[in-house]
Each structure stands twice: as structure tokens, then as C-alpha cells.
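Colleague: Below are the sequence and a predicted model; questions follow.
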Amino acid sequence: MTIQRSVFEAFRVASTELGMCSAAWLFTREVAAAGGDALVRELQETLGLEYAALHAVTERWLGGTTKPAISTGEVVRACAGAANVAVVGVEADWLDALVPLLGDAKVTLLTSPLVPVDWERLAANFGGRVATLDMSAVQQLAGARSVLLTFCYGTRGDQTWVDPLWMRVSGGDVRTQFRSIVGWEVLGTAMQVYPRWLTETSADDFAELVS
């Protein structure tokens, strides 16, 4: 058994719809079920060289970690008391764990026409708990009880990597209009190949960077 070219395209679609890290864990599990560690290593040495998050997840799998450690405690604390939680980027597994814990807070996915995602279908998966808003209108959600949240990957010292959409929202004017800017580290390990589908930024951009 070997990795087929169709897997490459399927991963590209899944990483857009589910998030880079969520898709990486899904594909690693499925590949391991089909061909064991040998096929996971082939996935790492082919598609993993294109997607740094996938490379990192397969490395963790081969080291004996078979599922992500999704810890919500710190991010729930960072969002405590918020009336609005605006989210940039998608990580389905992490949002699935977080959204039910946010109480009465209104959770909004900030969308972009530049990203080929069916945002309304994605939001519908949360049973009415998640709304959508074009990111150009992000200031509608600003306020003293509003939190702006995004996902971070492979944080190392004062560097971290984010969905490129974050750079369309982040800025001094936006930071001053939200109670807090929160980065949620989801990869949990350093990346060993260049993360060409992510954008580097400073960890100092975030009032809180939680894992």
C-alpha cells in the first residue's frame, strides 16, 4: 500500500474545512488504520513535507501519541465573562471542545470570501451556538466584554504561526477595541519543516497565549 495522489488533494480540502491540525490528526489516524506506522511515515515523508502541521502530527504519532491533548481550561478562563468571542480561523476538533463551555457568550466565526469554505454549513454543525460575520465587519463585535481568538501552531519562544487570515484582522486599532486578544496553541510541538501555509507572527501580539 502506498499514499495515492488523491490523498494530497483531499488533505488540502480538509485542512481548509476542518483546520490544519484537525485535518492532520484525522488523516494520520485513517492512514495508520489502513497501513500502520509504515504508511504514516510515508505520509510524513511525502505530504508532510508540504504541510508542516501534518509533519509534526505524524511525528507525534510515530512517537506514541495517538490523539491530540485538547485542554480547554486555560482558554475558557481567558474567555470567562465575555459576551462575544470572535474566532479567526478554523480548528474543528478544538472548537467542538470549546464552544459548549462558553456559556452564554455569542461565538462568531469571522469569514472571508478569499477562503473556499462553506462558512454557513460549518457554523450549522454547532446547533445554533455559532454565528458568522465577514471579517471586514469585525468591529461590530468589539467591546469591553469581547474576546478575539485565533489558533496558533508550533509556538517557540516569542514566535508563533497562525492562519494567514489573522493578519487581515490583527492590528493596533483592533487590539485596543477588544477586552483581550487570545492565541490558542493547538499543535503542541515545534514544526520541523517550513510552515508554508501558515504565517509567522510575534507571540507578543496576544494578551494571552494559552495551550
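Modeller: Received it, and whenever you're ready, just let me know what you need. Numbers count the residues shown, from 1 in each chain.

Colleague: Assumed residue 179 was part of a strand.
Modeller: Yes: under DSSP: H, G, I helix; E, B strand; the rest coil, residue 179 falls within a strand.

Colleague: Quick check: buried residues in the longest helix that the chain contains?
Modeller: The longest helix of the chain (DSSP state H) is helix 20-45. For helix 20-45, burial by neighbour count (16 or more other C-beta atoms under 10 Å) applies to 20-28, 31-32, 35, 39-44. Backbone N, C-alpha and C define where each C-beta goes, glycine included.

Colleague: What of stretch 136-151?
Modeller: Using 16+ other C-beta under 10 Å as the test for burial, stretch 136-151 gives 138, 141-142, 146-151.

Colleague: Of those, which is the nearest to residue 8?
Modeller: Among those, residue 151 lies closest to residue 8 (C-beta to C-beta), at 22.8 Å.

Colleague: quick one: that closest one from residue 99, how far?
Modeller: 14 Å (C-beta to C-beta, to the nearest Å).

Colleague: sorry, back to before: continuing past the longest helix of the chain, what's the next helix or strand?
Modeller: Sequence order places helix 52-62 as the next helix or strand after helix 20-45, per DSSP states H and E.

Colleague: surely residue 142 meets residue 178?
Modeller: Yes: Residue 142 lies in contact with residue 178 (C-beta atoms under 8 Å); the separation is 5.7 Å.

Colleague: Name the strands paired with the longest strand along the chain and say parallel or antiparallel.
Modeller: Secondary structure assigned by DSSP state E gives strand 143-156 as the longest strand of the chain. Strand pairing for strand 143-156, using DSSP bridges, gives strand 84-88 (parallel), strand 159-162 (antiparallel), strand 178-185 (parallel).

Colleague: what element comes up after the last one heading to the C-terminus?
Modeller: Helices and strands here follow DSSP H and E; after strand 178-185, the next one along the chain is strand 199-202.

Colleague: Please apply the same query to the second one.
Modeller: Proceeding N to C from strand 159-162, the next assigned helix or strand is helix 166-169, under DSSP H and E.
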